[in-house]
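Engineer: Give me a 3D structure for the following:
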Amino acid sequence: MGELVTFASNGETASGYLAKPASGAGKGVIVIQEWWGLNANIKGIADRFAAEGFVALAPDMYHGVVASEPDEAGKLLMALNIARAEQDLKGAVAYLKALTGGPVGTVGFCMGGALALFAACNSNGDVGACIDFYGGHPMVKYNWDGLTAPVLGIWAEHDGFVNPNIPAYEAALKERGKAYEFITYPGTQHAFFNDEHPEPEYNPAAAKDAWEKSLAFYRRHL
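Structural biologist: Numbers count the residues shown, from 1 in each chain. Alright, predicted model coming up:
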């Protein structure tokens, strides 16, 4: 359904996977990869957004590298250049905003969830809604004061990697009067939305509900 595109990123170029609805137009959504890279799963999520009427862009945060093993994925996550990632995300947001004519949504999973929120905190109003699926990255720091978009946080009940950070996120949002909603799915594990993982990590019921809530969130705010 989609195609590979390039866009400007701080004087350089970056690339991503762009999926459009049958109409060719719609609200824009940036879909940000897990620690694995821009793989078939993330492209498939972009395609799913396109099937729902959105124009979805999944930027390639690893610039062509895709991991197949957790050890490799972990090394790529830790090696991510945050300053370059910020520029790539700004470039993706600017490209998609120009293409669609309005503020865009961001959504990401695992590492991508952290980057979706990071992008929203640094968008100067170009991000109109942010969805963070169990996002975490030890090197990402959030400019909470710069956040203008409402945030939907989607968490797993059993997630030792991400959950210790949630109280601090909530405190920062409350302190600044930011609009947010946090949902924790009982009995779930980190990455429960990824249908390429075997059950019980992949949780079909929770994934279906989270997807429906995500679509409703974007249709309400974009």
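
Engineer: Pop out the phi and psi values for K141.
Structural biologist: In this entry, K141 is assigned phi and psi values of phi -120, psi 140 (degrees, to the nearest 10).

Engineer: Can you report how many residues neighbour it?
Structural biologist: K141 is flanked by 10 other residues according to other C-beta atoms under 10 Å. Quick note: C-beta positions are derived from backbone N, CA and C, even for glycine.

Engineer: Pull the contacting residues for the residue lying closest to F217 once chain neighbours are set aside.
Structural biologist: With sequence-adjacent residues excluded and distances taken as C-beta to C-beta, 6 or more residues apart in numbering, F217 is closest to L152, at 4.8 Å. L152 makes contact with A129, C130, I131, D132, Y180, E181, I183, K213, S214, F217, according to C-beta atoms under 8 Å, 6 or more residues apart in numbering.

Engineer: Those residues in strands, which ones?
Structural biologist: In strands, defined here by DSSP state E, the members of those are A129, C130, I131, D132, Y180, E181, I183.

Engineer: contacting residues around the fourth one?
Structural biologist: So the one you mean is D132. D132 is in contact with V107, G108, G113, A114, A116, L117, V151, L152, G153, I154, counting by C-beta under 8 Å, 6+ apart.

Engineer: Using a markdown table, please lay out these together with pLDDT.
Structural biologist: Formatted as a markdown table, the contacts of D132 follow (pLDDT from 0 to 100):
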| residue | pLDDT |
| --- | --- |
| V107 | 98 |
| G108 | 98 |
| G113 | 98 |
| A114 | 98 |
| A116 | 98 |
| L117 | 98 |
| V151 | 98 |
| L152 | 98 |
| G153 | 98 |
| I154 | 98 |
